[in-house]
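Asker: I'll drop the sequence and a predicted model, then ask my questions.
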Amino acid sequence: RKEVEQDPGPFNVPEGATVAFNCTYSNSASQSFFWYRQDCRKEPKLLMSVYSSGNEDGRFTAQLNRASQYISLLIRDSKLSDSATYLCVVIMDSSYKLIFGSGTRLLVRP
Amino acid sequence: DTAVSQTPKYLVTQMGNDKSIKCEQNLGHDTMYWYKQDSKKFLKIMFSYNNKELIINETVPNRFSPKSPDKAHLNLHINSLELGDSAVYFCASSVWTSGISNEQFFGPGTRLTVL
């Protein structure tokens, strides 16, 4: 089993739609979680950190479920500019390194 | 000004050659990383340096050797290039607080093609 798993998609949604991505992680000792965004042929950039209590940033909401070992990202009112690959990132307890999921591709159509 | 820069942006070379990729950050961060993103877009860490000290060294062939002359630079040298080395290599930097990596800032990537 991979350390961090994501549905690769693509998710093809119309503008204005709400879309949710899930990500599961295998190590229960994982302590930090993030969502990064990567545009085509560009570098990854931090979208948001994921906190235990859940957090929201505008149209984006991130949730963490430690019991089931998954994190989620909800995007409301999708924009064309949201089209990108969304990378789930987990920091394992002992290794201090970031483990990236393979990414979920989102396509928002007019 | 570019926060994390890499050179070259594109590198096309023959199998068996030796090549280097350079990375510089002007963010004042103390930790730098090298990642490899293969054709399936899977991003995997290779090395990490904290204050010029190697702290992460994943299972990477000995042909890959990182060098950090100072906190702002982390270079990657690759010997005897193979076809499977073709990928995009990303450099990144962050601040290391209490053993935890904070937000990582990535360079634009170096697209390496081995013929």
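Answerer: That came through, no problem.

Asker: Now the residue in chain B positioned nearest to chain A: closest residue in space that isn't a chain neighbour?
Answerer: Nearest residue of chain B to chain A (C-beta to the nearest C-beta) works out as B:F106 at 3.7 Å. Every residue, glycine included, has its C-beta placed from N, CA and C. Among residues not flanking B:F106 along the chain, A:E43 sits closest, at 3.7 Å (C-beta to C-beta, 6 or more residues apart in numbering or on different chains).

Asker: Go ahead and confirm the one you found touches B:Q104.
Answerer: No. Under the criterion of C-beta atoms under 8 Å, A:E43 makes no contact with B:Q104, lying 10.0 Å away.

Asker: residue contacts, the residue of chain A found nearest chain B?
Answerer: Relative to chain B, the nearest point of chain A is A:E43 (3.7 Å; C-beta to the nearest C-beta). By C-beta atoms under 8 Å, 6 or more residues apart in numbering or on different chains, A:E43 lies in contact with B:90, B:106-109.

Asker: So which of the residues you listed sit within helices?
Answerer: Judged by DSSP state H, the contacts of A:E43 include no members of helices.

Asker: Output those in JSON lines; the columns should cover pLDDT and neighbour count.
Answerer: Formatted as JSON lines, these follow (pLDDT from 0 to 100; neighbours: other C-beta atoms under 10 Å in any protein chain shown):
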{"residue": "B:F90", "pLDDT": "97", "neighbour count": "25"}
{"residue": "B:F106", "pLDDT": "95", "neighbour count": "23"}
{"residue": "B:G107", "pLDDT": "96", "neighbour count": "28"}
{"residue": "B:P108", "pLDDT": "96", "neighbour count": "17"}
{"residue": "B:G109", "pLDDT": "97", "neighbour count": "21"}
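
Asker: and of the residues you listed, the nearest to B:K71?
Answerer: B:G107 (15.5 Å; C-beta to C-beta).

Asker: What values do phi and psi take at the closest one?
Answerer: Backbone geometry at B:G107, expressed as degrees, to the nearest 10, gives phi -80, psi 170.

Asker: from what I can see it touches B:K9, true?
Answerer: No. Judged on C-beta under 8 Å, B:G107 makes no contact with B:K9 at a distance of 9.5 Å.
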